[in-house]
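Peer 1: Take a look and give me a structure for this.
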Amino acid sequence: MTRFTLWLSIAAILLFTATTAFAGGLYLSEIGTPASLGTAGAANVVNNVSADAVFTNPAGMTGIKKDSILSGLQLVVPSLRFDSDIAQAGGSDGGNSGFVSAIPSLFVVKKLPNDFTAGLAITAPLGGGLDYGDNFVGRYQATRSVLSGLGISPSIAYKINDKWSIGAGVTALYTVMDSDLAIRQQNGAVPDGKLSIDKIDDWSPQGFFGVTWQATEKTMLGVVYRTKSNVDLEGDLSIKGIQGPPIINTIVSSLDDIEMELTYAQLIHVGLKYDATEKLTLVMDFDWEDWSQLGKERIEISSALGPTAIQHADFKWKDTYHVGAGFLYKLDEDNRFISSGVGYDSSPVDDKDRTFLLPMDEQFKVGLAYGKKATDNHRLAYSIGGSWIWFGDGKIDQTAQGVRAKGEFSTNYALFLGGTVRYHF
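Peer 2: Residues are numbered from 1 along each chain as shown. As a prediction, the model looks like this:
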């Protein structure tokens with residue numbers, strides 16, 4: 001095996017495994033607030049009463065009457081259990097490959113003169129993680145993968161008149177990714193090697209623009225557009241346990257840096273809010289996400305011994321869509337309320353192209369929340385809520401490094417639990 005051929009082989013393995021983390025559905029619609037969690041995200045784009053509008057639709061900030069701070073914490077509890085039908089290399093099914101995550105958030109709204117409103121949001125707008133273990137049946141595609149994102153989003157809004165408001169902002173998005181997989185050697189005659197991508201990261205900008213239209217006294221429409229965001233992840237690469245001639249070990253040990261160029265999808269989100277009665281508000285939403293643009297991405301592997309290896313590939317992603325509906329109901333004059341909703345997201349990938357790195361499929365969501373709104377006499381408010389998301393069957397049939405693994409997830413869901421505290425000045 002020549003030096004260049006070895007580098008290209010490793011690059012091909014990385015291309016096949018690492019990029020699938022960026023599938024549709026990794027934009028989290030549940031951001032831990034009552035309108036978001038309780039309605040399974042259906043109220044996000046028509047939110048003009050709560051400070052999380054800073055991120056979900058900046059135009060909605062003009063409906064907030066006073067300066068306010070909203071702080072929340074969201075707990076994600078997944079159950080992702082793969083059940084194999086074919087495992088040519090043997091191994092375990094990995095147990096529960098998901099792990100519990102805590103996601104904090106903070107939203108601040110400040111009223112300004114001349115019908116302007118400013119805001120700042122600190123959120124985790126995307127993410128996911130899997131840890132199958134080193135002896136997993138699909139270990140030649142992935143044994144562990146974690147993607148996390150932090151977004152810092154300043155925004156500003158302007159109330160044009162009683163019917164129209166506009167808003168805009170930019171998210172400084174920090175992305176971190178870890179990934180491990182096994183390297184098969186000599187047709188399984190010797191123990192596996194291990195390839196690790198260690199916390200490759202990057203900051204990238206993503207713009208967003210919003211509009212709200214109070215069509216009638218009871219009906220409001222909202223629209224949000226988010227731009228694509230180009231991410232240039234870069235960090236350490238290590239390969240261990242390779243058995244072969246000394247020259248091969250020297251070459252492999254010299255590969256120490258990796259760079260991935262990826263693109264987050266642009267999206268359009270549309271919502272409707274209708275005040276059916278003094279107590280009952282209905283919400284509906286639809287969005288389209290341009291994940292098909294995630295083709296022909298680039299990976300570059302650097303070595304101290306010579307030129308880098310560069311690979312491109314088309315990963316066959318598809319555009320996705322989301323539909324949802326929900327309600328918010330005021331329980332009494334003390335401003336206590338409940339909210340609930342359901343949603344559906346289409347799959348970003350066909351069954352034949354799904355991989356073990358992050359086996360995204362269609363999603364079904366249901367949410368419920370309870371809370372108390374702030375008043376002039378009681379400025380402190382609170383809420384608790386949750387969303388349950390089923391990620392589909394997650395059928396997988398892949399051959400990686402000459403070894404086939406096939407099956408589907410017997411359980412494939414996550415529970416999002418959140419609580420918030422709000423203060424109006």
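
Peer 1: pretty sure L417 contacts G72?
Peer 2: No. L417 lies out of contact with G72 (CB atoms under 8 Å); the separation is 11.0 Å. Any C-beta I mention is one placed from the backbone N, CA and C, and that applies to glycine too.

Peer 1: Looking at those two, which has the bigger crowd around it?
Peer 2: Between L417 and G72, G72 has the larger neighbour count (other CB atoms under 10 Å), namely 24 against 17.

Peer 1: Return the residues in contact with that one.
Peer 2: Residues in contact with G72 (CB atoms under 8 Å, 6 or more residues apart in numbering) are I31, G32, T33, P104, S105, L106, G418, G419, T420, V421.

Peer 1: Doesn't the first one belong to a helix?
Peer 2: Meaning I31. No. Secondary structure of I31 (DSSP: H, G, I helix; E, B strand; the rest coil): coil, not part of a helix.

Peer 1: Just give me the neighbour total for it.
Peer 2: For I31, using other CB under 10 Å, the count is 26.

Peer 1: now the fifth one
Peer 2: Neighbours of S105 under the rule other CB under 10 Å: 23.

Peer 1: tell me which element it falls in.
Peer 2: strand 101-111 (DSSP states H and E).

Peer 1: What is that strand packed up against?
Peer 2: Packed against strand 101-111 by the contact rule (3 or more CB pairs under 8 Å, 6 or more residues apart in numbering; DSSP states H and E) you find helix 53-56, strand 68-87, strand 116-123, strand 127-131.

Peer 1: Pick the most buried one from those.
Peer 2: Counting by mean count of other CB atoms under 10 Å, helix 53-56 has the highest mean neighbour count of the helices and strands packed on strand 101-111, with a mean of 30.

Peer 1: How about residues contacting that helix?
Peer 2: Contacts of helix 53-56 (CB under 8 Å, 6+ apart): 31, 36, 44-45, 47, 59-61, 63-64, 107-109, 119-121, 123, 125, 151, 153, 155, 169, 171, 224.

Peer 1: Next secondary structure after the worst-scoring helix or strand of the chain on mean pLDDT?
Peer 2: Sorted by mean pLDDT, DSSP states H and E, the helices and strands of the chain end with helix 3-18, the least confident at a mean of 42. The element immediately downstream of helix 3-18 (helix or strand, assigned by DSSP H and E) is helix 34-38.

Peer 1: so what does that following helix touch, helix or strand wise?
Peer 2: Helix 34-38 packs on strand 320-330, strand 336-345, strand 363-372, strand 380-390, strand 403-424, going by 3+ CB pairs under 8 Å, 6+ apart.

Peer 1: what number of residues lie near the residue lying closest to R404 once chain neighbours are set aside?
Peer 2: If the residues on either side of it in the chain are set aside, R404 comes closest to Q88, at 4.9 Å by CB to CB, 6 or more residues apart in numbering. By other CB under 10 Å, the residues close to Q88 number 14.

Peer 1: Next up, the contacts around Q88.
Peer 2: V403, R404, A405.

Peer 1: just for this structure, where's the confidence low?
Peer 2: 1-26, 28, 32, 34, 127, 245-254, 294-298, 303-315, 334, 374-378 (pLDDT under 70).

Peer 1: what helix or strand is the nearest residue to F136 once chain neighbours are set aside on?
Peer 2: Spatial nearest neighbour of F136, excluding adjacent residues (CB to CB, 6+ apart): G94 at 4.5 Å. Following DSSP H and E, one finds G94 outside all helices and strands.

Peer 1: A142 is in contact with G94, correct?
Peer 2: No. With contact defined as CB under 8 Å, G94 does not reach A142; the gap is 10.0 Å.

Peer 1: okay, and the common contacts of those two?
Peer 2: Joint contacts of G94 and A142 (CB under 8 Å, 6+ apart) are Y132, F136.

Peer 1: filter the contacts of helix 53-56 to the buried ones?
Peer 2: The neighbour-count criterion (16 or more other CB atoms under 10 Å) marks 31, 36, 44-45, 47, 59-61, 63-64, 107-109, 119-121, 123, 125, 151, 153, 155, 169, 171, 224 among these as buried.

Peer 1: Does F409 touch M360 like I think?
Peer 2: No. Look at F409 against M360 with CB under 8 Å: they stay out of range, at 11.1 Å.

Peer 1: Show me which of those two is the more surrounded one.
Peer 2: Each of F409 and M360 has its neighbours counted (other CB under 10 Å); M360 has more, 26 against 21.

Peer 1: residues touching the closest residue in space to I183 that isn't next to it in sequence, list them.
Peer 2: Spatial nearest neighbour of I183, chain neighbours left out: G193 (3.7 Å); criterion: CB to CB, 6+ apart. Going by CB under 8 Å, 6+ apart, G193 touches A182, I183, Q185, I239, K240, G241, I242, Q243.

Peer 1: Sitting in strands, which of those do you find?
Peer 2: A182, I183, I239, K240 (DSSP state E).

Peer 1: got CSV for those residues, with neighbour count and distance to D256 too?
Peer 2: Below are those laid out as CSV (neighbours: other CB atoms under 10 Å; distance: CB to CB, whole Å):
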residue, neighbour count, distance to D256
A182, 25, 20
I183, 19, 16
I239, 18, 9
K240, 11, 12
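
Peer 1: Would you mind putting these into TSV with distance to D345 alongside?
Peer 2: Formatted as TSV, these follow (distance: CB to CB, whole Å):
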residue	distance to D345
A182	31
I183	34
I239	36
K240	38
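
Peer 1: Compute the distance between V283 and I384, please.
Peer 2: For V283, the distance to I384 (CB to CB, to the nearest Å) stands at 19 Å.

Peer 1: now swap in W317 and tell me
Peer 2: 36 Å.
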